[in-house]
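Participant: how would this look folded up:
(2 chains)
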Amino acid sequence: MFKKIYAWLDERLGFDDLYKGLLDRPEPHGNWWNTLGSASLFLFIMQGATGIFLTVYYTPSPDHAYDSIQYIMDGVAFGWLIRGIHHWGASLMVLVVFIHMLRTFFSASYKYPRELTWIVGSLLFLLTLGMGFTGYLLPFNQRAYWATVVATNIGGVVPGVGPFILRAMRGGTDVSALTLSRFFSAHIWMLPAALAALIGAHLYLIMRLGESAYPDADD
Amino acid sequence: MASSHRISRRDFAKFVTAALSTVMGAAMGIPVIGYLIDPALKVQSSEAWIPLGPLESFPKDSPKSFSFTRSNINGWEKTVNSYGGFVIKKSDSDILALSNRCTHLSCSVNWSEEENAYTCPCHEASFDMEGGVLDGPPPHALDHFETKVEEGALFILFPAIPHEG
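Facilitator: Next comes the predicted model:
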């Protein structure tokens, strides 16, 4: 019965080809360091899922941001768990993506024909840092506020365009309600959309070009 | 030749992946459901006895208005709602406390001495002194509060009881 349904669907959707193409690829002999890309992808999905659930209660306004997070932590069943995973997952994601990048560098996997995979991956790393930067403000406690004051000031010392960068990041001269809402927008819409698109490109390149083998004595 | 109860390395990896995914999915899925429906499971008990002052301050056979506020905490936000009504004291043991909320669309009714009725400013409804409908669109009589007298002071029980029928 199920086999028949599966065969009917497979004839039209091509699950088997998809499975062979996406997951059943030949791999060079590797080790645990080669699993960090998948770990990064898993963390991205995890952050996306917990982040979506956090927006059920989180309110991006200076009047409510802090109180809504206190409510998530103390007032809602398992709110501490969802936020805890998002909080620790954020640090872990930066770490895992960075180690994944180091592994690629040390195993020289960025070389021909995988230069684009490396460039897209570098952008993914920068976007991950952007997620950390924008997410840090959202609790809107003292630490978040002053961290954003300092970090946007760092943008402000760029020669020439610094003051403009500062105002563009803050949405004005001060860290304010505008800063909070634009960081929120970047954190839940713009950066994740860019991340998802580039992850798609990254995975496509990996499927197209395969993974590199570790260099040996002959290389 | 592999015997039938040995599984290949590949099948073992598949099985472990599927099993771990299931465990993780359940470990996350169940808390998430609780997280989403949590506010729906919390029913706030809003019942309270509201003091309206000494009984002797209410005139006999003439509606006297009263008002009070109740606060409600939804999530992290406190909302304060105002309520009001009329006390009609026939005797020290026969006291009626009516809500001033029109049963049509919840406007506040006022006591009109010349018309001898509660009139609603919104749709020209009128109610008699005991809250019965005299005229206009309301579907039923005004709601009333349960009352009690303790040590000479009048109390009403919030929330108001909807008129039967």
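Participant: just checking, next helix/strand downstream of the lowest-mean-pLDDT helix or strand in chain A?
Facilitator: Lowest by mean pLDDT, DSSP states H and E among the helices and strands of chain A is helix A:15-22, with a mean of 81. Scanning forward in sequence from helix A:15-22 by DSSP states H and E, the next helix or strand is helix A:36-54.
Participant: For that following helix, list every residue counted as buried.
Facilitator: Of all the residues in helix A:36-54, those buried under the rule 16 or more other Cβ atoms under 10 Å in any protein chain shown are A:36-37, A:39-40, A:43-44, A:46-47, A:49-51, A:53-54. C-beta: built from backbone N, CA, C; applies to glycine.
Participant: out of these, who's nearest chain B?
Facilitator: Nearest to chain B out of those is A:F53 (Cβ to the nearest Cβ; 6.1 Å).
Participant: Surely the closest one touches B:G34?
Facilitator: No: A:F53 lies out of contact with B:G34 (Cβ atoms under 8 Å); the separation is 11.1 Å.
Participant: What's the first helix or strand after the longest helix seen in chain A?
Facilitator: Ordering each helix of chain A by length in residues (DSSP state H) puts helix A:79-106 first. Next in sequence after helix A:79-106, counting helices and strands by DSSP H and E, comes helix A:115-137.
Participant: can you pull the buried residues of that following helix?
Facilitator: In helix A:115-137, counting by 16+ other Cβ under 10 Å, buried: A:117-118, A:120-121, A:124-125, A:127-128, A:130-131, A:133-137.
Participant: how far off helix A:115-137 does the very next helix or strand once past it point, in degrees?
Facilitator: On the C-terminal side of helix A:115-137, the closest following helix or strand by DSSP H and E is helix A:142-156. Angle, helix A:142-156 to helix A:115-137, by axes from the mean of the first three to the mean of the last three Cα atoms, to 10 degrees: 130 degrees.
Participant: Mind listing what's buried along helix A:142-156?
Facilitator: Using 16+ other Cβ under 10 Å as the test for burial, helix A:142-156 gives A:144-145, A:148, A:152, A:155-156.
Participant: re earlier: can you give me the buried ones in the longest helix of chain A?
Facilitator: By 16+ other Cβ under 10 Å, the buried positions in helix A:79-106 come out as A:79, A:81-83, A:85-86, A:89-90, A:92-94, A:96-97, A:100-101, A:103-104.
Participant: same question, stretch B:142-151
Facilitator: Neighbour-count burial for stretch B:142-151 [16+ other Cβ under 10 Å]: B:142-145, B:147.
Participant: tell me, which of the buried residues of helix A:36-54 make contact with chain B?
Facilitator: A:49, A:53 (Cβ under 8 Å from any Cβ of the partner chain).
Participant: Pipe the buried residues of helix A:36-54 into CSV and attach pLDDT and distance to B:A18 per row.
Facilitator: Formatted as CSV, those follow (pLDDT from 0 to 100; distance: Cβ to Cβ, whole Å):
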residue, pLDDT, distance to B:A18
A:L36, 95, 22
A:G37, 95, 21
A:A39, 96, 18
A:S40, 97, 22
A:L43, 97, 20
A:F44, 98, 21
A:M46, 95, 18
A:Q47, 97, 23
A:A49, 95, 19
A:T50, 96, 23
A:G51, 97, 26
A:F53, 97, 24
A:L54, 97, 28
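Participant: which stretches of chain B aren't confidently modelled?
Facilitator: Along chain B, the model assigns pLDDT under 70 to residues B:1-4, B:163-165.
Participant: Would you map out the domains in it?
Facilitator: Domains of chain B are assigned by automatic domain parsing as B:1-42, B:48-161.
Participant: does B:G132 really touch B:A141, like I thought?
Facilitator: Yes: in this structure, B:G132 is within contact of B:A141 by Cβ under 8 Å, at 4.9 Å.
Participant: higher neighbour count, those two?
Facilitator: B:A141 (18 against 13; other Cβ atoms under 10 Å in any protein chain shown).
Participant: Any residues of chain A in contact with chain B? List them.
Facilitator: A:49, A:53, A:56-57, A:64, A:67-68, A:70-71, A:75-79, A:81-82.
Participant: out of these, who's nearest B:R9?
Facilitator: The closest of these to B:R9 turns out to be A:A49 (Cβ to Cβ; 30.8 Å).
Participant: Look up which helix or strand the nearest residue to the closest one once chain neighbours are set aside falls in, please.
Facilitator: Leaving aside its chain neighbours, A:A49 sits nearest to B:M28 (7.7 Å; criterion: Cβ to Cβ, 6 or more residues apart in numbering or on different chains). Using DSSP H and E, B:M28 sits within helix B:9-41.
Participant: Just list what that helix packs against, helices and strands only.
Facilitator: Helices and strands touching helix B:9-41, as assessed by 3 or more Cβ pairs under 8 Å, 6 or more residues apart in numbering or on different chains; DSSP states H and E, comprise helix A:36-54, helix A:79-106.
Participant: Just put those in a markdown table and tack on distance to B:Y118.
Facilitator: Formatted as a markdown table, these follow (distance: least, Cβ to Cβ, whole Å):
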| stretch | distance to B:Y118 |
| --- | --- |
| helix A:36-54 | 49 |
| helix A:79-106 | 46 |
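Participant: For B:R10, which of these is the nearest?
Facilitator: Per Cβ to Cβ, nearest to B:R10 of the helices and strands packed on helix B:9-41: helix A:36-54, 16.8 Å.
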